[in-house]
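Novice: Sequence plus predicted model, see below.
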Amino acid sequence: MASEPMTEQTIRDTTGSGGDLGVIRDKVQASAAEYGAQAKQTASTVRDEAVGATADIKDEVSNIASAAREKAMSLVDQQKQAGAEQAAGLARAIHRSAEELQESSPALAQHVREAAAVVSELADTLRDRSLGELIGQAEGIARRQPVAFFGVAALAGFALSRFVKSSSHSM
């Protein structure tokens with residue numbers, strides 16, 4: 001016997017009455033509506049949790065970035081202060097050299113004192129100004145006197161490389 005497609009008539013014939021079919025259809029539709037509502041609620045809950053998790057992750061990343069920025073600024077400030085102390089020590093050494101030169105060559109001693117004053121002023125500037133101010137000042141000098149700025153940068157690079165080289169030998 002070939003299988004016939006299920007029709008309302010076939011269902012009525014097997015259930016025995018047409019009234020039961022309407023009840024079954026209503027139950028199926030009610031169940032489908034209930035499952036649809038549950039699916040929507042579940043999707044809404046999942047979406048809300050994903051939004052909350054995303055916000056939490058963004059907050060955490062922001063906190064980590066803020067902490068890293070603060071740590072970097074603290075390290076920069078420490079290095080800036082150390083550089084200021086090195087410059088102040090250099091200024092004192094240059095000033096002592098000027099005092100030693102005073103008897104034998106007063107004119108040269110005067111120039112050396114002026115150099116010591118410039119280095120001392122540099123130390124004060126490093127100590128008293130923020131990193132942003134120092135960068136702004138350097139940019140201004142670079143625009144007004146690019147050749148002088150390049151020369152000072154080259155000398156600073158040379159001095160830094162010598163310092164790093166001598167520091168690595170002492171370790």
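Specialist: Thanks, I have it.

Novice: Three-state assignment for Ala153, please.
Specialist: helix (DSSP: H, G, I helix; E, B strand; the rest coil).

Novice: Counting neighbours, what do you get for it?
Specialist: Using other Cβ atoms under 10 Å, Ala153 has 12 other residues around it. Quick note: C-beta positions are derived from backbone N, CA and C, even for glycine.

Novice: And it, how close does it get to Ser74?
Specialist: Ala153 sits 26 Å away from Ser74, going by Cβ to Cβ, to the nearest Å.

Novice: Same check on Gly157?
Specialist: Counting by Cβ to Cβ, the gap from Gly157 to Ser74 is 25 Å.

Novice: Would you state the helices of this protein in chain order?
Specialist: Ranges of helices within the chain are 8-15, 19-101, 106-128, 131-144, 146-170, based on DSSP state H.

Novice: Give me the distance between the residue nearest the centre of the chain and Ser130.
Specialist: The residue lying closest to the centre of the chain (Cα atoms, centre = their mean) is Ala65, at 4.7 Å. The spacing between Ala65 and Ser130, counted by Cβ to Cβ, is 20 Å.
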